[in-house]
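Visitor: Following is a predicted model, sequence given first.
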Amino acid sequence: MKVYNFSAGPSMLPEEVKLSAQKDFLDYEGSGMSVTEMSHRSKWYDAIHQEALASLRKLMNIGDDYDVLFVQGGASQQFAAVPLNLLVKGKADYIVTGNFAGKAAKEATKYGDCVVAASSKDKVFTYIPEGVKFRDGIDYVHITQNNTIFGTRYTDRTFPVADCPIVSDMSSMILSEEVDVNKYGLIYAGAQKNIAPAGLTIVIVRKDLVGHEKDYCPTMLSYKTQADADSLYNTPPCFAIYMAMLVFRHLLKLGGVKEIQKINEYKAKLLYDFIDNSSLYTNPVKPEDRSLMNVPFVTGSDELNAKFVKEAEKAGLVSIKGHKLVGGMRASIYNAMPVEGVEALIAFMKKFETENK
Ligand SMILES: *Cc1c(COP(=O)(O)O)cnc(C)c1O
């Protein structure tokens with residue numbers, strides 16, 4: 001059965017990419033081996049690794065003054081790696097706009113004087129704080145660019161103004177819209193939402209921030225270890241990197257991030273406009289701060305929400321149940337979700353609304 005998968009992560013991958021991977025699976029480019037079983041020091045894997053790194057640089061327009069690292073441990077591992085590598089003066093400020101932002105802030109307190117400079121908890125994380133003031137003499141400000149559970153995102157209006165590097169968790173929006181990498185000291189993202197299967201984590205770090213890790217920083221968490229070894233210090237997640245390479249190829253063919261951004265804006269507008277004009281569904285997020293990737297919505301009754309999730313599943317609209325912190329539903333409409341998937345969801349929502357008046 002054909003389904004549209006609205007999972008927040010791991011999530012959909014482009015059909016074209018899955019077909020290429022299927023075609024290559026048993027015998028990668030005449031090697032007689034699958035990428036899942038070949039040496040990470042082989043010439044075949046090396047070509048994959050280098051193409052993936054180069055394509056990401058091209059897609060995000062990353063300058064030579066940045067290192068691009070492929071690591072493991074998920075975005076959650078970066079909650080520790082960031083302070084371990086970047087705390088030199090020993091202080092950092094965090095903006096807490098949701099669950100993951102809160103976890104990042106909490107983890108950082110283990111390694112230095114890290115505090116919450118602002119939070120949107122007062123309104124159940126339905127907005128992004130503006131005009132936040134930071135302490136003097138901090139090493140960095142940490143933000144979560146898109147809040148996967150609560151469905152908010154940073155825009156130019158809310159982007160922090162600080163005279164220190166900005167560190168951003170881009171797990172649930174990387175490559176979904178254009179960003180100016182030069183505005184950041186460090187960007188990190190788990191790949192399993194917008195890039196590849198789980199197992200790969202992307203770190204983009206300004207070179208002057210590399211090499212200042214604490215002496216007790218684990219070797220594997222040091223950005224210098226990974227940068228010096230071109231992310232081949234130990235066995236990388238080869239298959240996830242191979243899938244990322246295919247996704248990058250697919251995006252480049254499409255015309256890059258600029259083009260996918262237009263599609264993402266179109267999909268999100270369709271869904272938000274429908275929700276805002278409906279008498280059954282609501283989305284609680286401040287309109288200017290709404291995510292392009294994760295759209296939470298509710299019907300106003302737990303019973304109807306549960307019925308919605310159950311019937312949607314039967315109609316092939318799967319994994320649409322909201323996170324337990326928010327309840328209701330959440331449609332994650334990452335890059336790989338086609339416009340038709342959003343249209344099918346809206347058609348189902350209309351029908352459900354009529355049947356449950
Ligand atoms: C999913 C997610 C995480 C956690 O990612 P893992 O790779 O599972 O550790 C962290 N931050 C954000 C914004 C996320 O969406």
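Guide: Received it, and whenever you're ready, just let me know what you need.

Visitor: Which parts of the stretch 51-200 of the chain are strands?
Guide: Shown for the stretch 51-200 of the chain, the strands assigned by DSSP state E, counting those that start in this stretch span residues 66-71, 91-96, 113-119, 140-144, 146-147, 152-153, 166-169, 186-190.

Visitor: now, of those strands, which is deepest in the fold?
Guide: With neighbours taken as mean count of other C-beta atoms under 10 Å, these reach their highest mean count in strand 146-147, at a mean of 30. Every residue, glycine included, has its C-beta placed from N, CA and C.

Visitor: Just name whatever secondary elements it is in contact with.
Guide: Packed against strand 146-147 by the contact rule (3 or more C-beta pairs under 8 Å, 6 or more residues apart in numbering; DSSP states H and E) you find helix 99-108, strand 152-153.

Visitor: Any chance of JSON lines for the ones you listed, columns mean pLDDT and distance to the ligand?
Guide: JSON lines is the format used below for the helices and strands packed on strand 146-147 (pLDDT from 0 to 100; distance: least, C-beta to the nearest ligand atom, whole Å):
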{"stretch": "helix 99-108", "mean pLDDT": "98", "distance to the ligand": "3"}
{"stretch": "strand 152-153", "mean pLDDT": "98", "distance to the ligand": "10"}
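
Visitor: which of the ones you listed sits most buried?
Guide: Highest mean neighbour count among the helices and strands packed on strand 146-147 (mean count of other C-beta under 10 Å): strand 152-153, a mean of 26.

Visitor: wait, which of the helices and strands packed on strand 146-147 is closest to Lys310?
Guide: Lys310 lies closest to helix 99-108 among the helices and strands packed on strand 146-147, at 25.2 Å (C-beta to C-beta).

Visitor: At the contact with the ligand, which residues of the stretch 1-150 of the chain appear?
Guide: 9, 74-76, 100, 144, 148 (C-beta under 6 Å from any ligand atom).

Visitor: can you do 8 Å?
Guide: Selection of the stretch 1-150 of the chain residues close to the ligand by C-beta under 8 Å from any ligand atom yields 8-9, 73-79, 98, 100-101, 103-104, 144-149.

Visitor: Give me every residue in the stretch 201-350 of the chain lying close to the ligand.
Guide: By the rule C-beta under 8 Å from any ligand atom, the part of the stretch 201-350 of the chain lying against the ligand is Thr201.

Visitor: for the stretch 201-350 of the chain, what spans make up the strands?
Guide: Ranges of strands in the stretch 201-350 of the chain, per DSSP E, counting those that start in this stretch, are 201-206, 294-297, 317-318, 329-332.

Visitor: what sits up against the third one?
Guide: By C-beta atoms under 8 Å, 6 or more residues apart in numbering, the surrounding residues in contact with strand 317-318 are 3-7, 312, 344-345, 348.

Visitor: Which pLDDT value goes with the residue of the stretch 151-300 of the chain found nearest the ligand?
Guide: Proximity of the stretch 151-300 of the chain to the ligand (C-beta to the nearest ligand atom) peaks at Gly190, 2.7 Å away. Note for Gly190: predicted pLDDT of 98.

Visitor: That one: what's it in contact with?
Guide: Going by C-beta under 8 Å, 6+ apart, Gly190 touches 9, 74-76, 171, 198, 200-201.

Visitor: what do you get if the cut-off is 7 Å, keeping everything else the same?
Guide: 74-75, 171, 201 (C-beta atoms under 7 Å, 6 or more residues apart in numbering).

Visitor: Kindly report the same for Cys217.
Guide: If you count contacts by C-beta under 7 Å, 6+ apart, then Cys217 has 84-85 around it.

Visitor: so what's it scoring on pLDDT?
Guide: 98.

Visitor: Quick check: it vs Asp139, distance?
Guide: Using C-beta to C-beta, to the nearest Å, Cys217 is found at 14 Å from Asp139.

Visitor: Ok, Ile95 next?
Guide: Taken as C-beta to C-beta, the span from Ile95 to Asp139 is 15 Å.

Visitor: One more: Pro160?
Guide: From Pro160 to Asp139 the distance is 14 Å (C-beta to C-beta).

Visitor: Tell me, how many residues neighbour Pro83?
Guide: As a burial measure, Pro83 scores 27 neighbours (other C-beta atoms under 10 Å).

Visitor: what ranges do the helices span in the protein?
Guide: 15-24, 43-60, 74-86, 99-108, 223-228, 238-254, 257-277, 302-314, 339-355 (DSSP state H).

Visitor: Looking at these, which one is packed in the most?
Guide: Of the helices of the chain, helix 74-86 is the most buried (mean count of other C-beta under 10 Å), at a mean of 23.

Visitor: Mind giving me the packing neighbours of that helix?
Guide: helix 99-108, strand 166-169, strand 186-190, strand 201-206 (3 or more C-beta pairs under 7 Å, 6 or more residues apart in numbering; DSSP states H and E).

Visitor: could I get those as JSON lines with distance to Lys123?
Guide: Converted to JSON lines, the helices and strands packed on helix 74-86 look like this (distance: least, C-beta to C-beta, whole Å):
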{"stretch": "helix 99-108", "distance to Lys123": "15"}
{"stretch": "strand 166-169", "distance to Lys123": "21"}
{"stretch": "strand 186-190", "distance to Lys123": "26"}
{"stretch": "strand 201-206", "distance to Lys123": "31"}
